[in-house]
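*Asks:* next come a sequence and a model predicted from it.
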Amino acid sequence: MTREELEATFEKFDKEHGKFNRAKSPPSKRPDLCAFLLLDRLVPGNRDIIGDARHDQFFLSIDLDELAAVATESDILTLVRCGVMIDEDGLAMFA
């Protein structure tokens, strides 16, 4: 998918935000760890996954174009259920 399609898919699943109890076979029982493990599997890297933090949010150091190239709708749904959000700056989660 393209970056625009990725953003639209996050928006499509907005009503599922934070509903971790609906996640199918999560790799962890912790929503934040589940998101981190899924993102690491989709976009492997060798630096910290948390790139920045401000106030009550932390921002993830995941390249959106790389994520868009490999993510499925199911992956995005799981991320949204884990509490991951997207905006023009990238991916973020509330602390």
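*Replies:* Yes, it's here. Numbering: from 1, shown residues only.

*Asks:* OK, contacts around the residue nearest to Met93 when sequence neighbours are not counted?
*Replies:* Nearest residue to Met93 in three dimensions, chain neighbours excluded: Gly83, at 5.1 Å (Cβ to Cβ, 6 or more residues apart in numbering). Any C-beta I mention is one placed from the backbone N, CA and C, and that applies to glycine too. Contacts for Gly83 (Cβ atoms under 8 Å, 6 or more residues apart in numbering) come out as His17, Gly18, Phe20, Pro31, Asp32, Ala35, Met93, Phe94.

*Asks:* can you tell me which of these are buried?
*Replies:* Phe20, Pro31, Asp32, Ala35, Met93 (16 or more other Cβ atoms under 10 Å).

*Asks:* so how far is Cys82 from the third one?
*Replies:* Summarising the geometry, the distance separating Asp32 from Cys82, computed by Cβ to Cβ, to the nearest Å, is 7 Å.

*Asks:* what touches both of these two?
*Replies:* Joint contacts of Asp32 and Cys82 (Cβ under 8 Å, 6+ apart) are Met93.

*Asks:* count of neighbours near Ser25?
*Replies:* For Ser25, the neighbour count with other Cβ atoms under 10 Å is 6.

*Asks:* helix, strand or coil for it?
*Replies:* State at Ser25, reduced to three classes by DSSP: H, G, I helix; E, B strand; the rest coil: coil.

*Asks:* any chance you could map the strands in the protein?
*Replies:* 50-54, 57-60, 85-87, 90-94 (DSSP state E).

*Asks:* and Ala68, which of these is closest to it?
*Replies:* Nearest to Ala68 among those is strand 85-87 (10.4 Å), distances taken as Cβ to Cβ.
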